[in-house]
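Asks: just coords:
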């Protein structure tokens, strides 16, 4: 019979593995981020509809946080930054908000 690995309190999961599956929020109350299930596969494939949905969920996005939710709609001849420039406004370095 196979043995199950022992559980340990020192294991820290790699959050980057969940980048396109959840939203990470720090609420200031706990020592770790709060994760909310939010799979990119449930987002619209239409780029403008996807941006609309993303900005309904979060008013301002860090570039690193929004990138995983855009990778599957970026064409081969463009970058994530190019698609952001077309569909969002740069609030400050690395922070994006919805176009009015």
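Replies: Structure received. Predicted model, so just to flag it, every value in this text is computed and none were measured.

Asks: is it true that residue 23 touches residue 38?
Replies: Yes - with contact defined as C-beta atoms under 8 Å, residue 23 and residue 38 form a contacting pair (4.7 Å). The way it works is simple: take the backbone N, C-alpha and C, and place the C-beta from them, glycine included.

Asks: hey, what's in contact with both of the two?
Replies: Applying C-beta atoms under 8 Å, 6 or more residues apart in numbering, one finds that residue 23 and residue 38 are jointly contacted by residue 57.

Asks: now do the longest helix anywhere in the chain: distance to the chain's middle.
Replies: When the chain is scanned for its longest helix (criterion: DSSP state H), the result is helix 47-57. Its chain's C-alpha centre and that of helix 47-57 lie 12 Å apart, by C-alpha atoms, centre = their mean, to the nearest Å.

Asks: buried stuff in stretch 53-64?
Replies: Going by neighbour count (16 or more other C-beta atoms under 10 Å), the buried part of stretch 53-64 is 54, 55, 58, 61, 63.

Asks: OK, contacts around the residue nearest to the last one when sequence neighbours are not counted?
Replies: For residue 63, the nearest residue in space outside its immediate sequence neighbours is residue 94; the separation is 4.6 Å by C-beta to C-beta, 6 or more residues apart in numbering. Applying C-beta under 8 Å, 6+ apart, one finds that residue 94 lies in contact with 62, 63, 64.

Asks: which of the residues you listed fall within helices?
Replies: 63, 64.

Asks: output the contacting helices and strands for the worst-scoring helix or strand of the chain on mean pLDDT.
Replies: The helix or strand of the chain with the lowest confidence, counting by mean pLDDT, DSSP states H and E, is strand 22-25 at a mean of 84. Under the contact criterion of 3 or more C-beta pairs under 8 Å, 6 or more residues apart in numbering; DSSP states H and E, strand 22-25 touches strand 34-37.

Asks: which residues in the protein form helices?
Replies: 47-57, 63-66, 80-87.
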